[in-house]
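**Student:** Build me a model:
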Amino acid sequence: MRTAPAPAGESPRRELGAFLRSRRERLKPKDVGLPDAPGRRTPGLRRAEVAELAGISVSWYTWLEQGRVRTSAQVLRAVSRVLRLDAAETAHALSFAEESRPPADAPTWVSPNLLTLVQSMTPNPAVVLDPYWDLLAWNAGYAALLTDPARLHPKQRNLLWLVFRWPPARTLLADWEPEARALLGQFRSRAARRPNDPRFAELVGELLSDGEAARWYERRETAGFQPSVRRFRHPAVGELRLRYVKLAAVDEPGHHFLAYLPDDRHSEDALRRLRPRG
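**Tutor:** A predicted model of the protein is given here:
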């Protein structure tokens with residue numbers, strides 16, 4: 001059964017309910033130790049089965065999927081165990097707990113100290129992102145590896161836009177599909193907490209105009225950040241292996257510093273030879 005993506009402006013409760021339903025429907029009774037009775041029509045587990053295994057009432061779980069109630073982290077942990085959610089999916093579910101709060105608005109400026117850090121990383125690519133993953137600051141190494149954000153429309157200076165809507169990304173990123181899906185999963189978890197935020201809504205609308213992004217978004221896939229080595233196939237210097245490092249800016253809540261560090265000598269030499277391109 002296919003579930004439609006949550007439209008911009010949908011409440012967090014309804015988003016959580018739709019997410020839980022999609023995970024319930026992907027399970028089979030045998031996955032949780034229940035017999036698979038013949039003639040069963042319900043895709044996946046029944047709500048009553050999830051409720052019993054989680055130790056909550058059927059009515060409460062039904063209301064939870066319908067987006068009618070708020071709930072606690074304790075209940076969501078129990079439901080997550082029953083639904084066999086992985087670590088990223090569990091974290092996504094817990095972000096909707098009644099005691100959690102949406103993140104405060106991040107500043108729109110970047111401090112001189114952070115700007116200095118970004119520039120000092122050259123030739124290693126570095127960038128500062130806000131909560132929407134809009135690019136606030138970058139160095140020459142970043143412009144050389146991808147494209148100079150200064151040449152893009154301000155609304156296009158966004159990490160998701162570059163990955164999904166900037167055509168060279170699909171050949172530049174050697175493992176484009178898994179990288180793009182993971183990035184989209186991380187973004188979905190963030191956007192779900194700010195359903196009425198116009199910038200998130202704008203980005204979702206842009207993403208859903210891409211067929212692959214729309215298909216993955218429909219599946220309600222979520223992901224957490226994982227440090228990794230990313231492979232690039234650059235037209236000027238060939239293949240690079242770069243370690244992806246992400247740090248939170250403590251004195252600028254909501255901002256993150258990202259850097260790509262060479263994983264081998266060839267990549268280190270290649271970054272030195274790169275020059276910014278349009």
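
**Student:** For stretch 188-208, give the distance from the opening residue to the closing one.
**Tutor:** Using CA to CA, to the nearest Å, the end-to-end distance of stretch 188-208 comes to 12 Å.

**Student:** now residue 188, nearest residue through space, not along the chain?
**Tutor:** Excluding its sequence neighbours, the residue lying closest to residue 188 (CB to CB, 6 or more residues apart in numbering) is residue 222, at 5.8 Å. C-beta coordinates here come from the backbone N, C-alpha and C atoms, glycine included.

**Student:** What is the burial count for residue 158?
**Tutor:** By other CB atoms under 10 Å, 24 other residues sit near residue 158.

**Student:** can you pull the contacts of it?
**Tutor:** Residue 158 makes contact with 132, 133, 134, 135, 203 under the criterion CB atoms under 8 Å, 6 or more residues apart in numbering.

**Student:** Most widely separated two among these?
**Tutor:** 135 and 203 (12.9 Å; CB to CB).

**Student:** what about residue 262, how many neighbours?
**Tutor:** 18.

**Student:** wait, isn't it in contact with residue 242?
**Tutor:** Yes. With contact defined as CB atoms under 8 Å, residue 262 reaches residue 242; the gap is 6.2 Å.

**Student:** distance of the residue nearest to residue 207 when sequence neighbours are not counted from residue 250?
**Tutor:** Leaving aside its sequence neighbours, residue 207 sits nearest to residue 213 (CB to CB, 6+ apart; 4.4 Å). According to CB to CB, to the nearest Å, residue 213 and residue 250 sit 32 Å apart.

**Student:** Quickly run through the sheet partners of the longest strand seen in the chain, with directions.
**Tutor:** In the chain, with assignment by DSSP state E, the single longest strand is strand 238-248. With DSSP bridges as the test, strand 238-248 is paired with strand 228-234 (antiparallel), strand 256-262 (antiparallel).

**Student:** residues making contact with the helix or strand of the chain with the lowest mean pLDDT?
**Tutor:** Of all helical and strand segments in the chain, the minimum by mean pLDDT, DSSP states H and E falls on helix 87-94, at a mean of 82. Residues from elsewhere that reach helix 87-94 (CB under 8 Å, 6+ apart): 16, 19-20, 23, 73, 76-77, 79-80, 85, 100, 185, 188-189, 192, 222-224.

**Student:** can you pull the buried residues of it?
**Tutor:** 88, 89, 90, 92, 93, 94 (16 or more other CB atoms under 10 Å).

**Student:** what's the answer for stretch 120-132, then?
**Tutor:** 121, 122, 123, 124, 125, 126, 127, 128, 129, 130, 131, 132.

**Student:** centroid residue for this protein?
**Tutor:** For the chain, the residue nearest the mean C-alpha position is residue 186 (1.3 Å; CA atoms, centre = their mean).

**Student:** For the least confident helix or strand of the chain, output the C-alpha coordinates as CSV.
**Tutor:** The C-alpha trace of helix 87-94 is given here as CSV (Å, rounded to 0.1, in the frame of the first residue of the first chain):
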residue,chain,number,x,y,z
ALA,A,87,17.9,4.1,15.2
ALA,A,88,17.2,6.9,12.7
GLU,A,89,13.5,6.1,12.5
THR,A,90,13.3,5.8,16.3
ALA,A,91,14.9,9.2,16.7
HIS,A,92,12.5,10.6,14.1
ALA,A,93,9.5,9.3,16.1
LEU,A,94,10.8,10.6,19.4
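
**Student:** Only the buried residues of the longest strand of the chain, if you could.
**Tutor:** Of all the residues in strand 238-248, those buried under the rule 16+ other CB under 10 Å are 240, 241, 242, 244.
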